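> here is a sequence with its predicted model. Questions after.
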Amino acid sequence: DTGVSQDPRHKITKRGQNVTFRCDPISEHNRLYWYRQTLGQGPEFLTYFQNEAQLEKSRLLSDRFSAERPKGSFSTLEIQRTEQGDSAMYLCASSSYQGRNTEAFFGQGTRLTVV
Amino acid sequence: ELKVEQNPLFLSMQEGKNYTIYCNYSTTSDRLYWYRQDPGKSLESLFVLLSNGAVKQEGRLMASLDTKARLSTLHITAAVHDLSATYFCAVDLGGQFYFGTGTSLTVIP
């Protein structure tokens, strides 16, 4: 396993367009997290899954943001009607949770630029 | 809401010097993680601290956790240029990871 994989690495989109990012976690990890990071800030938690169940989504930034993990493996994060303020790095991480958590391993991120 | 604060936010230090980065958090947790991030890159796991009094060392970095004080430290010994990066602590609360504001470290030759 080569670690957490994210695609695409970079995305430039026009304001108002929809974008979708994909994350493939480490295969044996059951938890998957999405974070947003803006310049000079720490990662900001958005949502997470345990297997296919989305356990927390109240921190998604608006109803334009949604995430899925349909088969408990890869996940997608969609942003509808993008705005310039959505420009950021979107990070995915995975961990193994068996009553207690292990450390989270991060992917390389998807850098979104909304023009 | 959990708050995770790091200080200093920016640190410029000379090679060979020692320094400590502090991570304070506002609610009970006994699991804390330290990460390193290079510019434009993702986060690399450095240390996992899983109980009160835990101490981990790797090379010139040493991390410790005091859960009663809700404080973790990352100590740098005899800094070298390769340590220049941003360092984040992250608190595990209910299986979710909450990150600090980060400390941007620059080591000057």
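Sure, I can see it. Numbering: from 1, shown residues only, chains lettered A, B, ... in the order given.

> B:E1 and A:L46: what is the separation?
15 Å (C-beta to C-beta, to the nearest Å). From N, CA and C alone the C-beta is placed, and that goes for glycine too.

> and those two? which has more neighbours close in?
Higher neighbour count among B:E1 and A:L46: A:L46, with 20 against 5, using other C-beta atoms under 10 Å in any protein chain shown.

> is that one in contact with A:C23, as I believe?
No - applying C-beta atoms under 8 Å, one finds A:L46 not in contact with A:C23, separated by 11.6 Å.

> can you pull the residues that touch both of these two?
A:34, A:77 (C-beta atoms under 8 Å, 6 or more residues apart in numbering or on different chains).

> pLDDT below threshold where in the chain?
No chain specified, so I'll use chain A. Applying pLDDT under 70 to chain A flags the ranges A:1.

> chain B contacts on that one?
A:31, A:33, A:35, A:40-45, A:48, A:50, A:55-56, A:91, A:93, A:97, A:100-109 (C-beta under 8 Å from any C-beta of the partner chain).

> can you select the buried ones from these in ChimeraX?
Listed next is the ChimeraX selection for buried residues among the residues of chain A next to chain B, using 16 or more other C-beta atoms under 10 Å in any protein chain shown:
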select /A:31,33,35,42,43,44,45,48,50,56,91,93,97,101,102,103,104,105,106,107,108,109
